[in-house]
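Undergrad: sharing a model that was predicted from the sequence below.
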Amino acid sequence: MKIPVFILSDFGYSDTYVAQMKAEILSFSGYDTPVIDLTHMVEAGNILQGAYHLRSSLPHLPEGSVTLAVVDPGVGSNRSGLAAFWRGRFITAPDNGLITMLSGPIKTWKLPAPESDSAPTFHGRDVFAGCAARLAVDPGWTSYLEPLENPVILEDWMPASRSDSVSAVVVHVDHFGNCILGMEADEFMKFSSVSISTDAGDTAVFPVNSYHQAPAADSLLYLRGSQGFFELALNGSSAAEKHDLSVGQRITLKGKWINQQ
C-alpha cells in the first residue's frame, strides 16, 4: 500500500500551484500515490497559522505518512529546507518556523540545496514536493541527509501566565469565526470566571464545554475546541468579527482560577 502525502499551503485555489506540486509528487512516487489536501487557505505568508494547521492535523494522520507544508515568504533567500520526523510522521517544509508547535521529541534534517534549474520563487514544487515524494517511497532516505541541529522556532506566540491573567495569541480564525488561541495545556481549563482585554476594552467571557451552553445568544465563550486548543467563540456567529480579533493578535484573559480563594 502506498504511503499517503498530505499537503498544506497558502497558495489558495485560483492558481495551478497546488496541482503542480501534486504532479511533481505523482511523477516521482507513482500515479497511485494518495495525495490529500489539508488546506491551502493559510493566510498568505502567515507562518504561525501554518504552524497551527500542521500541529492540529498531524496527530490525526496515519503513522508513516508524509506532510508537505509550504508557507514560504522567504523563498529564494538563504533559508534552508528541512525534513522532520514527529510522532511517527514525516514533514517536509522550509526551515522558517512551520514546525514551531510540534512539541516533544522531533528529529530534523537539512534538505539538499535546490537544483540549478529550480525556480527560485517556487521551492514548493521544485524542492519540497520531490523530497516529500522521496520520503513516501523511501523513509530511510533521511539517513543520507545532514542532521539539522537548530531548526527555526517562532518566538513570542506562547501563552504567558500570571496569577490572575493569561495572555495568548490568536493562531487561527476558522470558518465559523472562532478564534483559536495558542493554548492547549490543561492548566487553562481552570478559569472559573473570565474576561478578555483587547484594544476595545474588557468583555465578559463564559467558560463552557460546548457551544450550546451559551447563557445568551451574544455570549462570548471560552472552551477547548475540537483541535485541542482553547478558543473564543460565539454560538451561531463570528467571534472574530464581533470582537475585531485576527490572527497574530495577542489578547489578555483576566479572571479567577478555580483553585483560588
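TA: Yep, that arrived.
Undergrad: drop to CA atoms for contacts and neighbour counts, all remaining ones
TA: Noted.
Undergrad: now for the biggest helix by length in the chain, which elements pack on it?
TA: Counting by DSSP state H, the longest helix found in the chain is helix 17-29. Helices and strands touching helix 17-29, by 3 or more CA pairs under 8 Å, 6 or more residues apart in numbering; DSSP states H and E, are helix 129-137.
Undergrad: need the next SSE after the helix it packs on, C-terminal direction.
TA: Remark: after helix 129-137, the chain's next helix or strand is strand 146-147, criterion DSSP states H and E.
Undergrad: strands paired with the helix or strand just after that next one, and their directions?
TA: Downstream of strand 146-147, the first helix or strand assigned by DSSP H and E is strand 160-161. When pairing is defined by DSSP bridges, strand 160-161 lines up against strand 165-173 (antiparallel).
Undergrad: and the average pLDDT for the partner strand is what?
TA: Strand 165-173 shows a mean pLDDT of 92.
Undergrad: same question for stretch 60-78.
TA: Rounded mean pLDDT across stretch 60-78 is 96.
Undergrad: between the two ends of it, how far is it?
TA: Stretch 60-78 has an end-to-end distance of 33 Å (criterion: CA to CA, to the nearest Å).
Undergrad: distance between that stretch and the chain's centre?
TA: Here stretch 60-78 shows a centroid-to-chain-centroid distance of 11 Å under the convention CA atoms, centre = their mean, to the nearest Å.
Undergrad: just the CA coordinates of the longest helix of the chain, formatted as CSV?
TA: Taking C-alpha atoms only, helix 17-29 is exported to CSV below (Å, rounded to 0.1, in the frame of the first residue of the first chain):
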residue,chain,number,x,y,z
TYR,A,17,0.4,25.9,-7.9
VAL,A,18,-1.2,23.2,-5.8
ALA,A,19,-1.8,21.0,-8.9
GLN,A,20,1.9,21.4,-10.0
MET,A,21,3.1,20.2,-6.6
LYS,A,22,0.8,17.2,-6.8
ALA,A,23,2.0,16.4,-10.3
GLU,A,24,5.6,16.5,-9.0
ILE,A,25,4.7,14.1,-6.2
LEU,A,26,2.9,11.7,-8.6
SER,A,27,5.7,11.8,-11.2
PHE,A,28,8.2,10.6,-8.6
SER,A,29,6.3,8.2,-6.4
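Undergrad: can you list contacts of that helix?
TA: 11, 32-33, 35, 124-126, 129-130, 132-134, 136-137 (CA atoms under 8 Å, 6 or more residues apart in numbering).
Undergrad: ok, so of the residues you listed, who is nearest Ser219?
TA: Of all those, Ser219 sits closest to Phe11, with 34.8 Å by CA to CA.
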